[in-house]
Each structure stands twice: as C-alpha cells, then as structure tokens.
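Student: Below: sequence and its predicted model.
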Number of protein chains: 4
Amino acid sequence: MIIVMKPNAKQESIKRIKEIIELKGLYAHISDGDQVTIIGVVGDKGKLMDQNLEIYEDVDKIVPVTESYKLANKKFHPEPTKVKVGNVTIGGDTFVIMSGPCAVESKEQLLTTAHAIKKAGAHILRGGAYKPRTSPYAFQGLEEEGLTYMKEAREETGLPIVCEVTSLDAIEVAVKYVDMLQIGARNMQNFYLLKEAGKTGLPVLLKRGLAATIDEWLNAAEYIVAEGNPNVVLCERGIRTFETATRNTLDISAVPVIKAKSHLPIIIDPSHATGVRDYVKPLARASVAVGADGLMIETHPDPSRAWSDGPQSLTFDEFEDLTYEIDPLITFMGKNL
Amino acid sequence: MIIVMKPNAKQESIKRIKEIIELKGLYAHISDGDQVTIIGVVGDKGKLMDQNLEIYEDVDKIVPVTESYKLANKKFHPEPTKVKVGNVTIGGDTFVIMSGPCAVESKEQLLTTAHAIKKAGAHILRGGAYKPRTSPYAFQGLEEEGLTYMKEAREETGLPIVCEVTSLDAIEVAVKYVDMLQIGARNMQNFYLLKEAGKTGLPVLLKRGLAATIDEWLNAAEYIVAEGNPNVVLCERGIRTFETATRNTLDISAVPVIKAKSHLPIIIDPSHATGVRDYVKPLARASVAVGADGLMIETHPDPSRAWSDGPQSLTFDEFEDLTYEIDPLITFMGKNL
Amino acid sequence: MIIVMKPNAKQESIKRIKEIIELKGLYAHISDGDQVTIIGVVGDKGKLMDQNLEIYEDVDKIVPVTESYKLANKKFHPEPTKVKVGNVTIGGDTFVIMSGPCAVESKEQLLTTAHAIKKAGAHILRGGAYKPRTSPYAFQGLEEEGLTYMKEAREETGLPIVCEVTSLDAIEVAVKYVDMLQIGARNMQNFYLLKEAGKTGLPVLLKRGLAATIDEWLNAAEYIVAEGNPNVVLCERGIRTFETATRNTLDISAVPVIKAKSHLPIIIDPSHATGVRDYVKPLARASVAVGADGLMIETHPDPSRAWSDGPQSLTFDEFEDLTYEIDPLITFMGKNL
Amino acid sequence: MIIVMKPNAKQESIKRIKEIIELKGLYAHISDGDQVTIIGVVGDKGKLMDQNLEIYEDVDKIVPVTESYKLANKKFHPEPTKVKVGNVTIGGDTFVIMSGPCAVESKEQLLTTAHAIKKAGAHILRGGAYKPRTSPYAFQGLEEEGLTYMKEAREETGLPIVCEVTSLDAIEVAVKYVDMLQIGARNMQNFYLLKEAGKTGLPVLLKRGLAATIDEWLNAAEYIVAEGNPNVVLCERGIRTFETATRNTLDISAVPVIKAKSHLPIIIDPSHATGVRDYVKPLARASVAVGADGLMIETHPDPSRAWSDGPQSLTFDEFEDLTYEIDPLITFMGKNL
C-alpha cells in the first residue's frame, strides 16, 4: 500500500501517518519527491483494516499495490485449475460446451433438447429451474419439478447437469440433483449465496455481474474458494454499457485478462451477451479463438415459443451447425472436445 | 405491443404474425407504411408471453408500449405513497434524514452516534449488521449482536431503525428488531430476497443496483409490492459509469424521473454515491433542491477508524453542520423535517 | 510517479529500472516491501516521457501521483478564476444564466427569444449557428447568417452572446460576432479546435465530452489555457451511461469535484443532460444548490416546432417560472444574479 | 415513425396529432388499443422534421422504425462494399493487416518498421503524424515531416499508407502523401472533418468513438458517403466502460452487428482496445474468427522507448509471431491475405 501525500503536506501530517503505521507493527518507508511525499507501507496491510488513512490531513490518495483476492490469484497459484463436473474436465487443454434451454419448461422439452445437444457434441446440459426475472409477472421456473427432469435427462444421456440457484432453499434442493451449481449475474455479489454455494463442495459456475469489474469478479470467486471449494469456473456473459444494439456487451478481453490474473477456467456465454440468435455463432468462433475454456449456448426445440430468452436461443440445427463449425478451431487452439 | 416488420416483408410473413396474435384472442391492427408494415397488438399482451415474435421471419423488432410494473406505476396509482417507519412518515410533504454508521462496530460506537445524530436533527437511525463486502477478508458485520445494539439505540433515542438484510436468515432475525428493512444495491435483483422482504410487511428501503435502469428498479419494487406490501422507499445511491473521480455517479435525474413514473417515495444517499466526505454536503443540498423525499448520510464518531466506508463518513460536527445548512432549503421546498 | 514491481521481481530487473531513471538525471527511491518492491521517481517526470517503464521485465504497473494539467489545476492556482463575457462575470460569487434556442432558425425566432429571456432574468444569449448533428440529413445551422442575427439580438437587448464553433472556418467567422466561443461535447477532444479557440483570446465555454473523465476534461481546458487564454468556463451537460430514461446522465458530482481540483468556473446544462422538458426545472434547482456558477437552459418560442432539441426546450413562460423559482436559492447560496 | 399516446389520452389530443401529420401530406394510421392508442405515420417522415410531436399533450413517446442512415445501410445496398487502398482491397473475401507505429518519430524508426511489417505479412503501413493527445504537453506528432517519411516508406516497400487527420489543414497536406485517411475515435463526430474527408474521394478509415453507439457510427459514415465517397472502412477500437483492467472494452459483437446492418467493411484494432501488449494476440485471433475484414496492430522497433502508446505496441518478433499464428485462421474463415 502506498500513501500519496498532498503537495506541500506539513511535516507533522507526514509524521502522524508514519506513527499510525508503526503503531500497527508495520514499517513506513518515506520517499520525498519534488512535489509530493509518498509513504510505502511494508508488512501485512490487513493490520491497517481499521484505519482510513485517506481522510487524515494532507493525504491525497491511497494506492493499493496487491490484489485483495489470494486463493484465486495466479501469483500464488500459477498452475491452471481443472474442474471436474461429472466425467467432464473444465480447464487445461479441454474445450467444454454447455447447452440447453434458458428455462426448463416441461419434461418433453428438456429431454428432446438433451438428446439433441448430445448428438451435436455438447458435454454438459444446462437448464434453469429457478429463474431470476426482471418482472414478477414473468415465468419464474418449475423449481424442484424442473430439477427432476434435469436428473432424468442426465440418466438418459449421461450428460452432467448445471442449474442456477438463487437462494439457500434452492441450493438445499439442487444439491440432491445437479453436478454443478450456477450463480447468476444478478447474484454475483450475493455474498451469502456465494458462501453457501462454496460450502456444498460442488463445482460452481460463477457468472460475471452486469456491472462487475474483473477484480470484483475474482473477489466473488474468492468467497467460494475461501470456503474450501476450489472448483470454480468463471463465465463471461456480457457487461452493461451504453450500446443497445446488443442486449449486453461481450467483454471478450476478459479471457486474456483472467488468464493473466487467475488460474481459474473461464467460459463464454454468447447467448446472454448478445441476446440475438444471429450473433451467437460468430461470437462462439471468437470465444474459441481468444482462448476460452468453453462455451455456454442456449438451445430450444422451438425458440419462437420459449418461455424465456427465446430470441437468443438456437434451434437444434443451428446448434449442430455451430459445433460443426467450431470443431476445427478447437483443434487449431490445441484443445480437444 | 407493436411489431415492426422488415422492409419488403413478405405478405405471408405478415399474415403469419397476424394469425398468431388472433389465435391468442387478441386483435392485430396492421398499418402499411411506405417502407415498413407495423402491427399493433390490441388486448392483454400477457397472452403472448410464450411467443417470441421477434424471431419469426421478416420481423424487425418488437416495441413495448406499456411498462411491465403495474402496482408501482403512477399511471395506475397517481397519489404519492406515504410510508410509515415507526412514527416517521416518508413521502408527501416530509423530508426525512436517516443517518448512522456504515457498520455497527460496538455498542458504544452506535449509541454515541444515535444520540449525536438525533441531536443534529436526524429522524431514523441506520446501521449495518450484515455487511456485503467485495472481499471475503473484510469485516462482515456483527449480525444479531449488532441488531441488539440498534434496538437499544432506538430505546434510548426513540429513533426508528433501518438495517440491511442480505439473506432469508438475516430477515428472520431482523424482523424481531428493526422498523425498516434495507435491500442493498448488490441485492436489488435478488428476487428471492425481495419476495421475502415483501412478505414481512415491514417497510422496505430499496437501493438502486449499480447497473440497474430505472425501469428495472421499479420492477424490483414491484416484486415487493406484489407480495401485498406497498411500503417501499427507493434510494438512489449512484450508478456505475466510466468516471473514477467519485466512487459511483449520482444519478440525480432519477428523482424527477421516479416522480414522473411512480408514486413511491425516493431518497438519496450521497455518501455511497461519491465515496468522498467533502462531496457529501453539496450533494445533500442538491438532493433537497431536486425534490427528493429524504437523505441517507453516513456518520461515525471517528471516521478515520471506521471499519467500513470511513472515507465517506461525516463526523458529528460535519453532520450537524449539514443538517443546519439544509434546514432552510427543506422549508423552501415546502417540506418539513 | 511510482513504479510497482511484480512479486518476486528479479534484483536485476529492479536495478535496470533504477538505472534508466538515474540516466535521465532523476532519483529512484526504492522501497522493499514484504511482497513487492516499489520505486518512487523523484524529479521532473517529463524527462521520462520517452520511456515506457510498464513494459520492462518484472514491472507490474505505473502509478502517476500528479495530474498532467497544471494551469487548470487548483493546486498551483488556488484562487477561483473569474471570466468576463461582455459585462457579465462568471465565477466567484455570481450566478449566471445563459439561455436561448438550440439552433438559430430565423431572425424573428431569435429576437423574440432574446427579449423574452432578458425579461425573465437571463444574462447571456446562446444560439447555435453551426450545429453538429448525428445525421447528415438533419438541419445543420444557418452559419454566418445565424451569427448576424445573434449580433442583432445583442444590439437590441445588451445581452452578450455565445455560439458553438465546430471548425477553424467557423472560428474565423465567429470572432467577428460573438462574446464567447462554445466548444461542444463532441469536439471536447478535438485538440486542434481547442488550440485555435485558445488563440482567439475570447472566453471559451467548454462542454464536457459524452465519455470524458473529469481528468480528461481538465486536460482539454489545459489546451486552451496553454495558448495564453485563461478564460475558460466548464459546462457539465451529462455523460453517457446505460440509463435510457434520460438522454444522458447529469453528473452533478462534477461540480464539487471540479471545485476541489480546479479554479475554473463550472455551469450546468440540464436541457442536454436530460433531453426532457419536465426534468429541467428540478435539475436547475439542484444545480444552484450544489454550488454551480451558472446554468445553460434551452428556450424556444414554440418548442413543438423547434428544428433541433425541441423536446428539451422550455417555453418563455416555463423559463420565467424557472428563473423566478431559483432566484431565492441563488441568494441562499450567497450568490447574486 | 410510431406515436404512442398516453393511457386515457383525450380524443382531441389524438385528433390534433392526426391533423399535424395530415397537414404535412402524410397519412396517420390510428390503432386504438385497450390501454393506449398508437398512431403510425405513413410517408416520408423527413416532412415532420420541424415538428416535435413528443411534446404535444397526451403523447407518451415517439418510436422510430427506420434508421436515419441510408447510403451506409445494408437494407438499401445488400452487397458488401470493397474499398481499394492502393493495390489492396478491403472487404469481401480478403483479410487485411495494417501495422506500424502509433506515432512517426523519425525516418529511421519508420523505415525499419515498414520493412519489418512487410516481411511479416502486413499489407498497409499506418503511422501517426498528427497525434491527438489527452495532455497538451505530450508529443503532438511530426506533422508534414512525418508524412514525407511515410511516403518514403511506401516507395521503399510498396505498402499503401494510412494516416490520421485531425483538421482541414492536416487533410490538405495529407492528400499529397497518403493512400487512405484515418478519422480517429475522438473526431468520430467532428462532422466538419467527416465532410472534408469525404470530399477528398480518398478511402477513409473511420474509427468508432469511445462512447458512440453503432447507430451513431453508421451515421458518421453516412456523412462521408453522402459527399459522394463510398470508400469507408469502419474500425472498432474499444468503447469506454466501467472496466479498468483494459484501456477500453473491445466490443467484438460490433462485427456481426455491422455485418447485419451495413455493407461497409469493418476491421479491429486490438492495440488501442486493450492498451496491453500481452492481450493483442488473443484478440487478433478472435478478430479473425468473428469475421472481421482486417486488423490494425501497433508495432515499434523498441516499444519501451515509443513516444506514444508503447505499452500496447508489439516488437517485430511479436508481430511476426502474430501474423504467423493467424494465417491458418484466415484461411479457415475462407479469406485470403
């Protein structure tokens, strides 16, 4: 941590900061510049947690030099993490495709989809049973009934299943059925939920919040890992910007940034990122090429009648076309399906 | 709802949309323009919930013409709502000041603060016992112990109390102590929590999410009101933008926008909006002048030692100075403390 | 300037940075922390302009400690600047109201407006003769003909006049007519135009760019002042965010931030910030209360027929109502009209 | 254009709007819904340019149904445009790589770079002679001297050259030297400059503004094409968002969106989008895979000593590595270098 003093800070102001730091058993390293004095803090900055140095007299600003996340930080864990979901490994040299409907609507809809995506090459089945919807009057999900269909789909196809959870209640039910829990974008900083998901020990797919910085996202992952659960997969699904031509703005740069800062795998969800079916395939290709560890793609037997997110869902033919097209790209990137 | 067709849409595409609409018992009003045909849907658009018309052939876009929130909508409830919190009324012609520490740290800290803000003219005591923090290693709140101090502070000062809740567990504990529940910015679209807060019947202070549009915010309020609980107070606390000179960007225009679209009261939290103590007073003045129904201001006996958000907290002297300064402005706006 | 090294940076990497700094005649102050080493640069950092230290081995990041704008910086010029526009002073203890149509449409429209706003208490007449429009097919302004009407309006009413310029050609014409040049939001980083405006010596009203940080805005002002022209007035007019309920998001916090960082006066334009007539008055009140030095408000004899920005323009009655209402607020703030 | 009336709009309000539309020789198509009445305007909406219908009584909002850009619109020009720059074709089935230094610093620096990028497979040489810089104290470019070096580099290597212009003065000089003009992000809505660039007839590389929507970007292109110059190439270079891990946020979805809305070619500049050298290669791969028509990549003989944007510039080895790696991807996409 560095404390930057204001130009012409009084000597007593500098001395006061130095004393506070030293009282905590830390060392204050003072550097007098032409215009400003800066003070470097040497030692565990956690000891200064109950001190807000920025409001002491003549302090200009505080500059952190280390990230607050540790367990999710590549600096302290350089090897890429591999997360096992059923018999599927995410991270390292695999490329994993998750697919399925936004919402589980019926047994028939789900089983049809599960078989179709398996045939097209998907590895994991997704399906929402607890749906966070902007309006209270929109379809809110089949809840446990939906999970039973998901489980049945796994039994029929062998595909591991991932479902979003939105409360402790939902987690308590979901652990009986699913292979992986999903924390949605709107709950990325629902820290209570993160801790509870962490405690289950199940792999967690952590979507990025609509307005979350990459730093905050990794801190959210830290909440899960700090519960003793290192099985976190990040999912970039678009951030909120001024642009309205797409539902969100896919921050594809997040992939190399995460690869530079963390050891956790990262996949991309181009369906939610764009909200437009026609843009999903080009972004899926870009996701492979940028170095992501996988994709999440929404599919539906009849998108025109989907109860949620139909406009961004692919038909089975479109999905098969997509997996067929990205297959050589995955090989080119040195990954295998 | 209006369906805009693409230029040169085929007659059969137009006919197909018309048929879908009529099958649902609605009326399709077709208007042929020079370049495009538009189709107006007459009747309850809820009947089209399971139809995604935007992905049918030759459909360009769907334009909603009515808001999805009803109970929170001024169009159907023109009179301003007044929310009673203990003996304090928020909304209408009152101006209510909430104050207190970001986090409850100790009994002494809280009681000292409660007495000081009461003396300075505050009406409601705030204090966080369940703290959502970016990092899992930051102070997470005293939980129920903190609530007991809050209750004691109410008994000593007579000030009603408001506390943030972050889970159903927290709600179940909080209802035994508090006069008003707060839903924080990070949980604004934690729809499960909104419903549970709604069910308590307690007044709810609903902070705006960091990336929430005003439309989404009112839909979040709708979740609470739809549980039969009309006692919702909105709180603008800054949105996330590219500007870094302040912690967030206070969207002060939200006040006239909310007043135009909803009947719910709205207050402003300049402490979280700016993150900088020196900017709180000018923004508090602006909040009164723009027509807000109240303020939430963070205070602390010694901000330099606050465990959370110290840099934006006022000392008691600064807070008293603030209330003294805005007093004539409140009168000027035709409101009373 | 502070250089933060990566954890476990090699000694030779640290040594190399030290040598580069010392070769430039500066002093490198090294501080070894538990996890990282930081290097403070003492001396004129301009000497390092041709060095990109962030890409040397083991360098984590560079942290600037001083702002790049000097002449616009309050640290080096603590007294507030007062700008004279004709016989009107902006800055210090005055509150100045500029008003007029978005675009000059005809002599009659402009003269009617000039007389009406003068009667209502405005001090400066605005009117666009060179209009930057999103579409090439929208009305682009009357150019010099519009300026002649502006001049005539000044002669009839005595109000000084301000006009936007969008090119060197426009500046060369405008200097013959106007009292103040305006640089619009879309040209805030048209550095060529800033320099040319600076050279005229005329007062310049510098609108904030739609995506400009406050730091970039002050650097744009620096371009003008560096030409020997200290007569710059800043104008906050809303920034671009995800919110669509208003045309832009008024960043009202910019006023206290600018007051803390610069000595230049700052006014607010609530018309462009919101794009909605009904929101202009509440935001005008907030602008006075937050401590701005003035307002710019669009008015039109018949907003429903304005060629540009009609929806946000006030009628003369509405404008008179506004000035009447903010008058006591201005007095309350210790300013005078 | 559709006019949406407020719920319970008075019949006389509806009648009034109808009359205004009909007075302009247009047809008003009225559709009465359960809650609201909507009015479709049939005919050339340009005739309503001097009418602001949204501020008439009982009008809720105006919904445009057609884009304001015509010449740049795919609806009216479905075939992809191919732009010739010297002997290089951009658009259709080619993939074009532009490279060179951010700023031309010296003859030697430029010629070395030109030879190196040609050897590595680049097709067009970029180099800035007029530099728009945030601070007036940063290096502003060699101006015409820089252009003479660019021309010399073309003569030596045969590579066509592209240079940014920031004023009419610069255009007048540049047309004597360059094969393609570049309009930078900060000037994207400098409409005067767009028109002047259009008039030259030279191909124009139009970078997206930092806060420009895709719709505004295509309107900016329309300014150039409307001058009779169809040779416009769009360049996505990142937009401004809240994320700070990268300099800007690359909006890669802009490629499929532009391909859906316009016939103009689009390339990507990952150097400016990220500001970080290590992220350039993965984003270059993603750019090819998403379907862009080319890349612009900054290179420098010694990035650590570049006068501008060094941290994002590649060395020659890194650039050669990049072109080598994307070569098979380009073939895979059915394009050729």
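Tutor: In hand now; what should we look at? This one's a predicted model, so the numbers in the text were calculated from it and none came from an experiment. Numbering: from 1, shown residues only, chains lettered A, B, ... in the order given.

Student: the strands in chain A, which residues?
Tutor: A:2-5, A:27-32, A:37-42, A:59-63, A:83-85, A:88-90, A:96-100, A:124-126, A:161-164, A:180-183, A:204-207, A:232-236, A:266-268, A:294-298 (DSSP state E).

Student: Including mean neighbour count, could those go into CSV?
Tutor: C-beta coordinates here come from the backbone N, C-alpha and C atoms, glycine included. Compiled in CSV, those are given as follows (neighbours: other Cβ atoms under 10 Å in any protein chain shown):
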stretch, mean neighbour count
strand A:2-5, 24
strand A:27-32, 18
strand A:37-42, 24
strand A:59-63, 18
strand A:83-85, 19
strand A:88-90, 20
strand A:96-100, 27
strand A:124-126, 26
strand A:161-164, 27
strand A:180-183, 26
strand A:204-207, 26
strand A:232-236, 27
strand A:266-268, 27
strand A:294-298, 28
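
Student: Output the ones you listed in a markdown table; the columns should cover distance to residue B:106.
Tutor: Below are these laid out as a markdown table (distance: least, Cβ to Cβ, whole Å):
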| stretch | distance to residue B:106 |
| --- | --- |
| strand A:2-5 | 27 |
| strand A:27-32 | 28 |
| strand A:37-42 | 26 |
| strand A:59-63 | 25 |
| strand A:83-85 | 42 |
| strand A:88-90 | 45 |
| strand A:96-100 | 48 |
| strand A:124-126 | 46 |
| strand A:161-164 | 39 |
| strand A:180-183 | 33 |
| strand A:204-207 | 34 |
| strand A:232-236 | 35 |
| strand A:266-268 | 42 |
| strand A:294-298 | 46 |
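
Student: Around chain C, pick out the residues from the stretch 101-250 of chain A.
Tutor: A:240, A:241, A:242, A:244 (Cβ under 8 Å from any Cβ of the partner chain).

Student: does stretch A:45-56 come close to chain C?
Tutor: No: using Cβ under 8 Å from any Cβ, stretch A:45-56 stays clear of chain C, coming no nearer than 9.1 Å.

Student: okay but residue A:146 is in contact with residue A:104, surely?
Tutor: Yes: if you go by Cβ atoms under 8 Å, residue A:146 and residue A:104 touch, sitting 3.7 Å apart.

Student: Which of these two has more residues huddled nearby?
Tutor: residue A:104 (29 against 23; other Cβ atoms under 10 Å in any protein chain shown).

Student: what touches both of residue A:146 and residue A:104?
Tutor: A:110, A:127, A:128, A:129 (Cβ atoms under 8 Å, 6 or more residues apart in numbering or on different chains).

Student: which one is the first one nearest to, not counting chain neighbours?
Tutor: Residue nearest to residue A:110 in three dimensions, not counting chain neighbours: residue A:149, with 4.6 Å by Cβ to Cβ, 6 or more residues apart in numbering or on different chains.

Student: Any idea how many residues pack against that neighbour?
Tutor: 23.

Student: so who does it touch?
Tutor: Going by Cβ under 8 Å, 6+ apart, the list of residues near residue A:149 reads A:104, A:106, A:107, A:110, A:111, A:127, A:142.

Student: would you turn those residues into JSON lines with distance to residue B:299 and pLDDT?
Tutor: Converted to JSON lines, these look like this (distance: Cβ to Cβ, whole Å; pLDDT from 0 to 100):
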{"residue": "A:104", "distance to residue B:299": "48", "pLDDT": "96"}
{"residue": "A:106", "distance to residue B:299": "55", "pLDDT": "96"}
{"residue": "A:107", "distance to residue B:299": "56", "pLDDT": "97"}
{"residue": "A:110", "distance to residue B:299": "53", "pLDDT": "97"}
{"residue": "A:111", "distance to residue B:299": "58", "pLDDT": "98"}
{"residue": "A:127", "distance to residue B:299": "48", "pLDDT": "96"}
{"residue": "A:142", "distance to residue B:299": "47", "pLDDT": "95"}
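
Student: Grab the two from these that are most spread out in space.
Tutor: Largest separation among the contacts of residue A:149 by Cβ to Cβ: A:111 and A:142, giving 13.9 Å.

Student: Give me the more crowded residue out of those two.
Tutor: Set residue A:111 next to residue A:142 and count neighbours by other Cβ under 10 Å: residue A:142 wins out with 23 against 15.

Student: Kindly provide the distance from the more buried one to residue A:163.
Tutor: 11 Å (Cβ to Cβ, to the nearest Å).

Student: Need the residues touching each of the two.
Tutor: residue A:129.

Student: Show me chain A divided up by domain.
Tutor: Following automatic domain parsing, one gets these domains for chain A: A:2-63, A:74-332.

Student: Many thanks, I have nothing further to ask.
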